[in-house]
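Colleague: Okay, here's the prediction I keep looking at, along with the sequence it came from:
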Amino acid sequence: MDKQKNDEIRSAVRENYGKVAASGRAGCGCSTSSCCVTPNDVTSADISLGLGYSCEDVTAVPEGANLGLGCGNPQAIASLQPGETVLDLGSGGGFDCFLAVRAVGDKGLVIGVDMTPEMITKSRRNAEKASLWNVDFRLGELENLPVADGIIDVIISNCVINLSPEKERVFSEAFRVLKPGGRLAISDVVATAELPEDIKKDMAFHTGCIAGASSVEELQSMLQRTGFENIQIKPKEESRTFIRNWMPGSKIEDYVLSATIEGVKPRV
């Protein structure tokens, strides 16, 4: 993919999620498409409960932090410990960051990175409302993380890396900022079949977390080339139920599934 095309994708993603931040309306998991099925009485909390978060999770964060975006619950596989430093790739309104703050406690630190200025503004306001001092939201691209080398214990992310046109570069940056022994705990979509050309070329399918999905084999190879070990990628068949609502009638559930993606940076 050439540089101009990469820039077009980033621009479309930034514009789309900037509108989400401004509107504050619930998405359909990752999809923000106007075509997605979200009856008026379905809230962001309802969507998050369907993705595996608990009632306690959805009520513990500042109002407006949960935008109903995502395709899983990275907190469930992250095993966060008190005192750890956590990085959230594509932090949005700050939902997963605020949950991570609870887990790492006063001696820990959570950093959220997002390339959408409106999301950073929103998440910083949410942190201020909650009087949280150990969460830091930074504007930046996942392919050029504004984070120093080797300071992160755990990287989490919820349905964001698929949006990047340069995923291997994202994993390379993740590897750089992790401490030796640091780990990835990611929820994202994976392609289970070759996507039709018309879907691949449709920017709405890209910003809706569909057209940018890589296969399990492609992700495994990227993570291995980057240097990660103990790689585990587990697609979830049950995710077809909510994915079919992202673009009703398009049969996208035949092509993508939600998955957990884990890996560890070697200690030596």
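Modeller: Okay, I see it.
Colleague: Can you show me the helices along the stretch 101-250 of the chain?
Modeller: With DSSP state H, counting those that start in this stretch as the criterion, the stretch 101-250 of the chain has helices at 117-129, 167-177, 197-200, 203-207, 216-226, 240-243.
Colleague: quick one, which of those helices is nearest to Glu262?
Modeller: When the helices of the stretch 101-250 of the chain are compared by CB to CB, helix 216-226 sits nearest Glu262, at 9.5 Å. The C-beta positions use only the backbone N, C-alpha and C, and glycine is treated the same way.
Colleague: buried sites along that closest one?
Modeller: Across helix 216-226, burial judged by 16 or more other CB atoms under 10 Å covers Val216, Leu219, Gln220, Met222, Leu223, Thr226.
Colleague: for it, packing partners?
Modeller: Packing partners of helix 216-226 (3 or more CB pairs under 8 Å, 6 or more residues apart in numbering; DSSP states H and E): helix 167-177, strand 178-191, strand 229-235, strand 256-264.
Colleague: contacting residues around the first one?
Modeller: Where contact means CB atoms under 8 Å, 6 or more residues apart in numbering, the residues beyond helix 167-177 that reach it are 87, 89, 142-145, 147-152, 155, 161, 164, 184, 214, 219, 222-223, 225-228, 265.
Colleague: Let's see the PyMOL selection covering just the buried ones among those residues.
Modeller: Buried residues among the contacts of helix 167-177 (16+ other CB under 10 Å), as a PyMOL selection:
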select buried, resi 87+89+142+143+145+147+152+155+161+164+184+214+219+222+223+226+228+265
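Colleague: just to revisit the earlier point, make CSV out of the helices and strands packed on helix 216-226 and add distance to Asn134.
Modeller: Output for these, formatted as CSV (distance: least, CB to CB, whole Å):
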stretch, distance to Asn134
helix 167-177, 18
strand 178-191, 18
strand 229-235, 28
strand 256-264, 25
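Colleague: Output those in CSV, with distance to Asp136 and mean pLDDT appended to each entry.
Modeller: Shown next, in CSV, are the helices and strands packed on helix 216-226 (distance: least, CB to CB, whole Å; pLDDT from 0 to 100):
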stretch, distance to Asp136, mean pLDDT
helix 167-177, 13, 98
strand 178-191, 17, 97
strand 229-235, 28, 98
strand 256-264, 24, 96
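Colleague: Point out where the stretch 1-150 of the chain drops to low pLDDT.
Modeller: Residue ranges of the stretch 1-150 of the chain with pLDDT under 70: 1, 24-41.
Colleague: Quick one, which of the helices of the stretch 101-250 of the chain gets closest to Val20.
Modeller: With CB to CB as the measure, helix 117-129 is the member of those nearest Val20 (8.0 Å).
Colleague: Quick one: closest of the helices of the stretch 101-250 of the chain to Ala12.
Modeller: That would be helix 203-207 among the helices of the stretch 101-250 of the chain, by CB to CB, at 4.9 Å.
Colleague: Next, the buried residues of the closest one.
Modeller: By neighbour count on 16+ other CB under 10 Å, the buried set for helix 203-207 is Ala204, Phe205, His206, Thr207.
Colleague: Quick one: residues in contact with that helix.
Modeller: Helix 203-207 is contacted by residues 8-9, 12-13, 16-17, 32-33, 163, 199, 211-212, 247, 252 when judged by CB under 8 Å, 6+ apart.
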